[in-house]
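J.: Give me a 3D structure for the following:
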Amino acid sequence: MAWWMWMVLGLALAIAEAQIPTNFFLLAFGVGGLVVGALTGFGLIAAPWLEWLAFSLVSVAALVLFQRTLSRAGGGGPAPAVDDLRRETATVIEDVPANGVGRAELRGTTWSARGVDGAAIARGTRCRVHRIDGLTLWLQPE
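T.: Residues are numbered from 1 along each chain as shown. Just a heads-up that it's a prediction; the model follows:
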């Protein structure tokens, strides 16, 4: 393929990336087209199979580079637990007897509740969620 065709392909893919954001997927192949166009234009690559091989290798390398850059820019660490209910405030709506199970309300939902260390908790007491075990809240009065 002529060098200018590679350049047109690379520019078309880069423009397509700007119009249809694909997390730099099309841009990586656009970079591959531009690099192969430049190498072909300088006469460094002549065989068509070598052009396609270089296009594939450069595109995949650019794709890996862009994805690593994006993952680092996104923080790279573990995502924060959105639904972590520990340290939330719950209200006891049914007495929790010592070493027994009662009911508590948290975020508009009724849960089974137990007191931390087996402590009894009276109805209406505001408590902190100490831990969650299945569908049971372990509560500690505030």
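J.: C-terminal to the lowest-mean-pLDDT helix or strand in the chain, what's the next element?
T.: When the helices and strands of the chain are compared on mean pLDDT, DSSP states H and E, helix 48-73 comes out lowest with a mean of 89. As assigned by DSSP states H and E, the chain's next helix or strand after helix 48-73 is strand 89-94.
J.: And the least confident helix or strand of the chain, what's buried?
T.: Counting neighbours by 16 or more other C-beta atoms under 10 Å, one finds that the buried residues in helix 48-73 are 51, 54, 55, 58, 59, 62, 63, 66. In this view, the C-beta of every residue, glycine as well, is placed from N, C-alpha and C.
J.: Equivalent analysis for stretch 128-142, please.
T.: In stretch 128-142, the ones that count as buried by 16+ other C-beta under 10 Å are 128, 129, 132, 137, 138, 139.
J.: would you turn those into TSV with distance to residue 112?
T.: Written out in TSV, the entries for the buried residues of stretch 128-142 read as follows (distance: C-beta to C-beta, whole Å):
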residue	distance to residue 112
128	17
129	12
132	10
137	7
138	10
139	11
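J.: Many thanks, have a good one.
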